[in-house]
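In: Please find the sequence and the predicted model below.
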Amino acid sequence: MRLPRITPNPARPVTLVAIVTALTIFGDAMLYVVLPIYWKEVGLTALWQVGVLLSINRFVRLPLNPFIGWLYNKMSLRTGLIAAVLMGAFTTVGYGVWKGFAAWLVLRSLWGIAWSLMRIGGYLTVINYSDDTNRGRLMGKYNGIWRLGSMVGVSFGGVLTPVFGIESMSVFFGLLALIGIPLVLASISSNAKKDGHTQTSSRKDSKAIWTKPVAKMVVCGLFISLLHAIFGSTLSLVIDLNYSDTVLLFGILITSTALGGVLQAIRCAWEPFLATWFGHRSDGPRGRLPLFILSLVGAAAGYALMPWHIPIYAWIAIVLFVMVTMTITSTIMDAMATDVARNSSVIAVMTVYSVSTDLGAAIGPTLTFWVIGAPYGLQSIFIGCAAAFLLIGLWYRGDALKRARIHDQTMQA
């Protein structure tokens with residue numbers, strides 16, 4: 001696949017594809033709020049089926065991501081994104097049409113394929129329409145906008161489903177996703193040819209692709225997504241264990257799950273702004289590593305404080321700080337992955353990077369609830385996470401010092 005040329009306004013196609021991604025994810029995000037409550041209405045017979053349906057799409061992606069990468073070598077970027085929109089719309093409408101565990105298992109598996117097409121297509125869009133001066137900013141913009149789709153799906157799905165029903169909301173969100181087709185046609189050039197190659201994938205020696213920077217990026221992507229998944233899967237539990245199932249804030253009683261949802265929604269709301277800003281900061285002459293390492297140290301400090309019973313307002317401030325570091329680390333990790341990919345085989349590297357981040361996100365909650373039952377299990381998990389953040393920072397410290405020396409020598413010359 002030959003990617004289209006960089007346009008004079010690179011932010012436009014990235015922004016439009018991010019909006020397409022956000023529209024496509026409405027239905028999936030809604031399910032995480034409404035399916036645990038309305039599972040009987042969709043024909044499920046046991047609560048364990050809810051857990052399987054909410055996780056199967058992620059596990060499907062693990063073996064299929066390499067196949068999706070292979071497909072992008074054979075088809076245009078525009079074709080892949082349109083296929084993702086059509087499949088995402090079909091599965092979302094299907095939630096409102098078909099009932100029963102078997103039917104939903106197929107739909108959720110198809111959604112996993114659709115999301116792989118969309119996510120890898122989004123990475124390729126950023127890589128194609130960016131250069132070394134704006135890649136971090138555009139990656140932050142892309143991530144920030146599509147994550148708004150999660151907030152909209154959770155918020156509107158949670159509020160409107162009791163009124164209109166899960167069937168109507170699913171069909172509505174599925175039809176909204178189809179708006180993505182004209183947006184893709186307007187944003188992605190039709191010049192992409194089915195020539196089966198990226199910029200450097202024609203190398204005869206494929207082993208040259210798997211350089212030390214690529215391996216390092218894949219490993220770090222796995223561990224950071226794992227650490228972030230632990231935070232997301234335990235936030236409400238930490239509130240419940242340390243502050244009971246209801247919390248008094250500003251004279252209002254709020255449940256632990258509601259407080260966790262509000263905090264996560266705040267992060268979704270600031271993502272388009274903070275992710276873009278921090279991504280832009282990482283495009284500076286000193287590179288991404290100083291800000292990346294600083295965010296890792298901040299995350300380590302925040303994680304180390306999170307599991308302890310401290311005044312609720314101070315604890316909320318710590319959580320908000322941790323979520324800011326998550327915005328920084330995820331944005332810069334994705335930007336660094338695209339930096340590395342441009343110097344290797346774009347589709348191959350981004351495919352493996354997607355597999356590693358999906359694997360980390362899948363392992364995180366499983367590992368958490370395996371350890372949490374032990375004495376001081378919750379504290380052990382978060383302190384271990386803090387140590388992991390510091391180790392990743394130390395791993396990149398040498399690269400940061402080397403980059404700083406090169407920058408200083410360049411400035412002196």
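Out: Nice, thanks for sending it over.
In: Output the below-cut-off pLDDT ranges for the stretch 301-413 of the chain.
Out: Across the stretch 301-413 of the chain, the ranges flagged by pLDDT under 70 are 404, 406-413.
In: now the helices for the stretch 151-300 of the chain?
Out: Ranges of helices in the stretch 151-300 of the chain, per DSSP state H, counting those that start in this stretch, are 166-177, 180-187, 212-243, 256-282, 289-305.
In: wait, which of these is closest to residue 355?
Out: helix 212-243 (8.3 Å; Cβ to Cβ). Heads up, the C-betas are built off the backbone N, CA and C, glycines and all.
In: Please name every helix or strand in contact with that closest one.
Out: Contact here means 3 or more Cβ pairs under 8 Å, 6 or more residues apart in numbering; DSSP states H and E; on that basis helix 212-243 packs against helix 256-282, helix 289-305, helix 312-342, helix 346-371, helix 377-412.
In: Can you list the buried residues in the second one?
Out: The one in question is helix 289-305. Buried positions in helix 289-305, judged by neighbour count with 16 or more other Cβ atoms under 10 Å: 289-293, 295-296, 298-305.
In: ok, back up a step: just put the helices and strands packed on helix 212-243 in JSON lines and tack on distance to residue 236.
Out: As requested, the helices and strands packed on helix 212-243 are exported to JSON lines (distance: least, Cβ to Cβ, whole Å):
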{"stretch": "helix 256-282", "distance to residue 236": "4"}
{"stretch": "helix 289-305", "distance to residue 236": "16"}
{"stretch": "helix 312-342", "distance to residue 236": "11"}
{"stretch": "helix 346-371", "distance to residue 236": "12"}
{"stretch": "helix 377-412", "distance to residue 236": "13"}
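In: from the buried residues of helix 289-305, which single one is nearest residue 322?
Out: The closest of the buried residues of helix 289-305, once distances to residue 322 are taken by Cβ to Cβ, is residue 302, at 3.7 Å.
In: how about residue 373, secondary structure?
Out: Following DSSP: H, G, I helix; E, B strand; the rest coil, residue 373 is assigned to coil.
In: CA atoms only: put stretch 112-123 into PDB for me.
Out: This file holds the C-alpha atoms of stretch 112-123, laid out as PDB (Å, rounded to 0.1, in the frame of the first residue of the first chain):
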ATOM      1  CA  GLY A 112     -13.000  -6.300  17.500                       C
ATOM      2  CA  ILE A 113     -12.100  -6.600  13.800                       C
ATOM      3  CA  ALA A 114     -13.700  -3.200  13.000                       C
ATOM      4  CA  TRP A 115     -11.700  -1.500  15.800                       C
ATOM      5  CA  SER A 116      -8.400  -3.000  14.700                       C
ATOM      6  CA  LEU A 117      -9.100  -1.700  11.200                       C
ATOM      7  CA  MET A 118     -10.000   1.700  12.600                       C
ATOM      8  CA  ARG A 119      -7.100   1.900  15.100                       C
ATOM      9  CA  ILE A 120      -4.300   0.900  12.700                       C
ATOM     10  CA  GLY A 121      -5.900   3.100  10.100                       C
ATOM     11  CA  GLY A 122      -5.800   6.000  12.500                       C
ATOM     12  CA  TYR A 123      -2.100   5.400  13.200                       C
END
